[in-house]
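Visitor: task: produce atomic coordinates for the following.
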Amino acid sequence: MSKKLISVASAAVLALAGLVAIPTAANAAAFGVVETGMVTSTTSRDGSTSAKAYQLNVPSSDVLREVTTVDHTTGTALKMVITTVGATDAITVTATGGVEVLTDTAFAETSPAPTTATGTQALSDVAAANSATIYAYTTSTSAGTVVISAAGSSKTIHITGLSTYAYNISFTAAATSAIGGEWTLTGTIKDAFGNNLTTPLERTDMQVTILGGSASAAAADPAAADFDYNATTKVYTIDGDVRDSAGTQAVSLAIDAAKSATKVTALGTPVTNQFFVVTAVDLATQVTALTAQVAALTADYNALAAKWNARVASKKAPKKAVATK
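Guide: Below you'll find the model as predicted:
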């Protein structure tokens, strides 16, 4: 073979080797993130903005659970599969609001299993064969974000919590009310993380028990018409009949078990029932008694004022007299 042919053959081999060793831009992996596990996956909730944030169930039992089916009701974690340009690119993940993240290794741990105390709002990971998996959860019904970055590319995912189970109720009631009038319970219902429930409870989700007195409704749960929820203040109001004779009356409020979250030691002791004592009083009699009490206090004050003023007049100590009532 001539030197010229050998030279041409060698150049061809080197060119071929170059094509094999250097991938083209068309063959390189493109950065991207694929999410699964949201409560709903629609164009109105695609995670692209705060208004379109993915909804995740707030972990009412402090359990992080992946469910990949669409429109599920039990999953609490969003799975994010990341594709990187480089086979072993470094990945940074940051979260805001009530959102926290963890690696697939931490998510798969069984002893102990991950909880809402496991995650963090900043972590680093490294891709393996152009891929990595991260999980996110949220403990807030306000929108937060996850920002995933690698090799100069990034994606922001908006997430909000869906809270449906009561953990703490906080109601108050007046200690006294008029005979034959009404008592009123007023308060809030929150989940284990202090959020107002996304969908407020219905009257049928609560049980009110009345004991004591001879009110006609004493043995019955007050009707739905005596129930109200203010969507602006997030306050519930429940009214009922006061007994029709003077004396005390007990009122118990309890949230239905199907709408109450499981007790989690790390999240504190739940309060899903309260007990109140309302005293039925004759308002006319009470006004008379209070009037007499005010008169007695006025007389006592005037007696003290007279002594004070006498000392002022004698110029022995005080410089200024006080007015009587």
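Visitor: that's a strand at Ala258, yeah?
Guide: No. Assignment of Ala258 by DSSP: H, G, I helix; E, B strand; the rest coil gives helix, placing it outside any strand.
Visitor: where's it relative to Ala175, distance?
Guide: According to Cβ to Cβ, to the nearest Å, Ala258 and Ala175 sit 32 Å apart. In this view, the C-beta of every residue, glycine as well, is placed from N, C-alpha and C.
Visitor: one more: Thr42?
Guide: Distance, Thr42 to Ala175, using Cβ to Cβ: 50 Å.
Visitor: thinking again about what came up before, Ala258 and Ala175 - which one has more neighbours?
Guide: Ranked by neighbour count (other Cβ atoms under 10 Å), Ala258 and Ala175 place Ala175 first, with 12 against 7.
Visitor: any idea how this protein splits into domains?
Guide: For the chain, the structural domains run 19-162, 168-281, 285-325, going by automatic domain parsing.
Visitor: redo those as JSON lines? Include mean pLDDT.
Guide: What follows is these, written out as JSON lines (pLDDT from 0 to 100):
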{"stretch": "domain 19-162", "mean pLDDT": "92"}
{"stretch": "domain 168-281", "mean pLDDT": "89"}
{"stretch": "domain 285-325", "mean pLDDT": "76"}
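Visitor: for the nearest residue to Ala173 once chain neighbours are set aside, list the residues it contacts.
Guide: Nearest in space to Ala173, with sequence neighbours left out and distances taken as Cβ to Cβ, 6 or more residues apart in numbering, is Phe276 at 4.4 Å. By Cβ atoms under 8 Å, 6 or more residues apart in numbering, the residues touching Phe276 are Phe171, Ala173, Trp183, Leu185, Ala250, Val251, Ser252, Leu253.
Visitor: can you select the buried ones from these in ChimeraX?
Guide: Buried subset of the contacts of Phe276, written as a ChimeraX selection, criterion 16 or more other Cβ atoms under 10 Å:
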select :171,173,183,185,251,253
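Visitor: what's the most distant pair in the contacts of Phe276?
Guide: Based on Cβ to Cβ, the longest span within the contacts of Phe276 runs between Phe171 and Ala250 and measures 14.2 Å.
Visitor: now the helices for the protein?
Guide: With DSSP state H as the criterion, the chain has helices at 3-21, 104-107, 283-314.
Visitor: who does the last one touch, helix- and strand-wise?
Guide: For helix 283-314, there is no helix or strand it packs on, judged by 3 or more Cβ pairs under 8 Å, 6 or more residues apart in numbering; DSSP states H and E.
Visitor: buried ones in that helix?
Guide: Buried residues in helix 283-314 (16+ other Cβ under 10 Å): Trp308, Asn309.
Visitor: can you give me how far it is from the chain middle?
Guide: Taking Cα atoms, centre = their mean, to the nearest Å, one finds the center of helix 283-314 at 52 Å from the center of the full chain.
Visitor: quick check on the residue nearest to the spatial centre of the chain: phi, psi?
Guide: In the chain, the centroid-proximal residue (Cα atoms, centre = their mean) is Asn195; its distance is 2.3 Å. Backbone geometry at Asn195, expressed as degrees, to the nearest 10, gives phi -90, psi 140.
Visitor: surely it touches Thr160?
Guide: No. Checked against Cβ atoms under 8 Å, the pair Asn195 and Thr160 is beyond contact range at 10.5 Å.
Visitor: hey, what's in contact with both of these two?
Guide: Overlap of the contact sets of Asn195 and Thr160 (by Cβ under 8 Å, 6+ apart) consists of Ser140, Thr141.
Visitor: ok, back up a step: ok, now which ones touch the residue nearest to the centre of the chain?
Guide: Val58, Thr139, Ser140, Thr141, Gly161, Ser163.
Visitor: and Ala261, how many neighbours?
Guide: 22.
Visitor: is it true that it touches Ala192?
Guide: Yes. Here Ala261 reaches Ala192: they are 5.7 Å apart, a contact under Cβ under 8 Å.
Visitor: what segments of the stretch 201-325 of the chain are strands?
Guide: Here the stretch 201-325 of the chain has its strands, by DSSP state E, counting those that start in this stretch, at 206-211, 227-230, 235-241, 247-255, 273-281.
Visitor: contacts for the fourth one?
Guide: Residues external to strand 247-255 that are found in contact with it (Cβ under 8 Å, 6+ apart): 166, 169, 171, 173, 183, 185, 189, 201, 205-213, 215, 218, 238, 240, 242-243, 272-280.
Visitor: in the sheet, which strands lie alongside it, parallel or antiparallel?
Guide: strand 206-211 (antiparallel), strand 273-281 (antiparallel) (DSSP bridges).
Visitor: now do the end-to-end distance for stretch 94-103.
Guide: End-to-end span of stretch 94-103 (Cα to Cα, to the nearest Å): 12 Å.
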